[in-house]
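Student: Predicted model, plus sequence, below.
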Amino acid sequence: MNNNNEQDLLDARIRTHYESLPPSEKSLADLLLSFPGNITDYSATELCKQAKTSKAIATRFFSRLGYKDFNDARRQTREAKKWGAPIYQSSRFDEVSKSESSNSEIIANHINREQTNLQRTLEGIDISTLRSLVKAIISKQRVLIVGYRNNRFLAEYLHRQLGLLRNNVTLHPGPNQAIAEEIFDINEDDLLIVFAMRRRTPILDKVIELAEQKKTPIALIADPTAATLEKRAKWKLNCIVHGTSSFDSYSSVISVLTLLISIVCTESTSALERLRMVESTHDNLGELSGK
């Protein structure tokens, strides 16, 4: 029996069912979570080709989500585009031109993709969620930041910036370290920030499970395909990272982090004082030069 609310849009329905989807359907789910607008401009055959799945699997997938068929989902999404739902405005799979395309076309496609990622990401942020997370960053005893693979440099960036604004900010796992030895004592007075852009490592799920057991609040910074983890986090900052080729683009993530850090700096009196002390020490050491 179907329990879907008929008013729920495609992305909401996918998130509701994501954890229970069989692997054969998750590839299609991941594709549509990244670009739900694709369904309006492509046939079922084309979608299946991009998701590397079959039409039979796609039929079961849309039925599971509560649609009569593929066309029913397409009609609903077209209506969403008409009334301006931002997440449904972009609907292209591959924007990289072929080898014969001009340099200007390649650059234009890249600009378009970056602008779309930024717009969809920033417009999708709930300001109350952001301010609640800022309050936690300022008030919690420790802030622990976790990032694996491509998430690592994003975690390093946030770690570096927050470390200028408050003490007890740590990055995990440390070089050549086992993360269990670093986070075994987390508790409800701490904050765990997890970066989970796609192609996540299995251990990430275990880290979050540990935080749940320890009642440590979790902030998740991830792309739309992290639907399974999203329900387990108190805060979720959703970033669109689709690139113009096989590689994701993380400019939207950096923009979100910059926004987050800026608000922390503005809201925390101790952060401003800490920055003043850092700058004073720079001057005393002659470490930096404006020349």
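Tutor: Good, I have the coordinates.

Student: all contacts plus neighbour counts: C-alpha atoms, from now on.
Tutor: Fine.

Student: Lowest-scoring secondary structure element of this structure by mean pLDDT?
Tutor: Counting by mean pLDDT, DSSP states H and E, the chain has its least confident helix or strand at helix 38-41, which shows a mean of 74.

Student: Against which helices or strands is it packed?
Tutor: helix 70-82 (3 or more CA pairs under 8 Å, 6 or more residues apart in numbering; DSSP states H and E).

Student: domain ranges for the chain?
Tutor: Domain ranges of the chain: 10-88, 123-283, per automatic domain parsing.

Student: what's the offset of the least confident helix or strand of the chain from the middle of its chain?
Tutor: Averaging C-alpha positions (CA atoms, centre = their mean, to the nearest Å) puts helix 38-41 22 Å from its chain's average.

Student: So which bits of that helix are buried?
Tutor: 38, 39, 40 (16 or more other CA atoms under 10 Å).

Student: hang on, the earlier thing: of all the domains of the chain, which one is nearest residue 110?
Tutor: Distance to residue 110, taken as CA to CA, is lowest for domain 123-283 among the domains of the chain, at 6.2 Å.

Student: can the domains of the chain go into JSON lines with extra columns for distance to residue 114?
Tutor: Formatted as JSON lines, the domains of the chain follow (distance: least, CA to CA, whole Å):
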{"stretch": "domain 10-88", "distance to residue 114": "14"}
{"stretch": "domain 123-283", "distance to residue 114": "7"}
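
Student: you'd agree residue 166 is up against residue 269?
Tutor: No. Using CA atoms under 8 Å, residue 166 is not in contact with residue 269; the gap is 10.4 Å.

Student: Which of these two has more residues huddled nearby?
Tutor: Each of residue 166 and residue 269 had its neighbours counted (other CA atoms under 10 Å), and the higher figure belongs to residue 166 (22 against 12).

Student: got the contact list for the more buried one?
Tutor: By CA atoms under 8 Å, 6 or more residues apart in numbering, the residues touching residue 166 are 138, 270, 271, 274.

Student: Now do the first one, the pLDDT please.
Tutor: At residue 138, the pLDDT value in this model is 96.

Student: Number of residues surrounding it?
Tutor: The number of residues packed near residue 138 is 22, by other CA under 10 Å.

Student: next one: the second one
Tutor: Taking other CA under 10 Å as the criterion, the count of residues near residue 270 is 14.

Student: Identify the residues contacting the helix or strand hosting it?
Tutor: Using DSSP states H and E, residue 270 sits within helix 269-285. Residues from elsewhere that reach helix 269-285 (CA under 8 Å, 6+ apart): 164, 165, 166, 264, 265, 266, 288.

Student: Now intersect these with the helices, please.
Tutor: Residues of these located in helices (DSSP state H): 164, 165, 264, 265, 266.

Student: Pick the one among those residues closest to residue 212.
Tutor: Checking the ones in helices among the contacts of helix 269-285 against residue 212 by CA to CA gives residue 264 as the nearest, at 24.9 Å.

Student: so who does that closest one touch?
Tutor: Residue 264 makes contact with 134, 135, 137, 138, 165, 271 under the criterion CA under 8 Å, 6+ apart.

Student: Give me the buried subset of those residues.
Tutor: Buried, going by 16+ other CA under 10 Å: 134, 137, 138, 165, 271, out of these.

Student: I'd like these as a markdown table, with distance to residue 280 appended.
Tutor: Rendered in a markdown table, the data for the buried ones among the contacts of residue 264 read as follows (distance: CA to CA, whole Å):
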| residue | distance to residue 280 |
| --- | --- |
| 134 | 26 |
| 137 | 24 |
| 138 | 22 |
| 165 | 14 |
| 271 | 14 |
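
Student: so where's the stretch 1-150 of the chain uncertain?
Tutor: The model of the stretch 1-150 of the chain has pLDDT under 70 over residues 1-7, 37, 81-101.

Student: Show me where it has its helices.
Tutor: 10-17, 23-34, 38-41, 44-51, 55-64, 70-82, 103-123, 127-139 (DSSP state H, counting those that start in this stretch).

Student: can you pull the pLDDT of residue 285?
Tutor: Looking at residue 285, its pLDDT stands at 89.

Student: burial of it, as a residue count?
Tutor: 9.

Student: Hmm, residue 158 is touching residue 257, no?
Tutor: Yes. With contact defined as CA under 8 Å, residue 158 reaches residue 257; the gap is 6.8 Å.

Student: average pLDDT across stretch 253-270?
Tutor: Averaged across stretch 253-270, the pLDDT comes to 94.

Student: buried sites along it?
Tutor: 253, 256, 257, 260, 261, 264, 265, 268.

Student: tell me the contacts of the last one?
Tutor: Taking CA under 8 Å, 6+ apart as the contact definition, residue 268 lies against residue 138.

Student: Cheers, nothing more for now.
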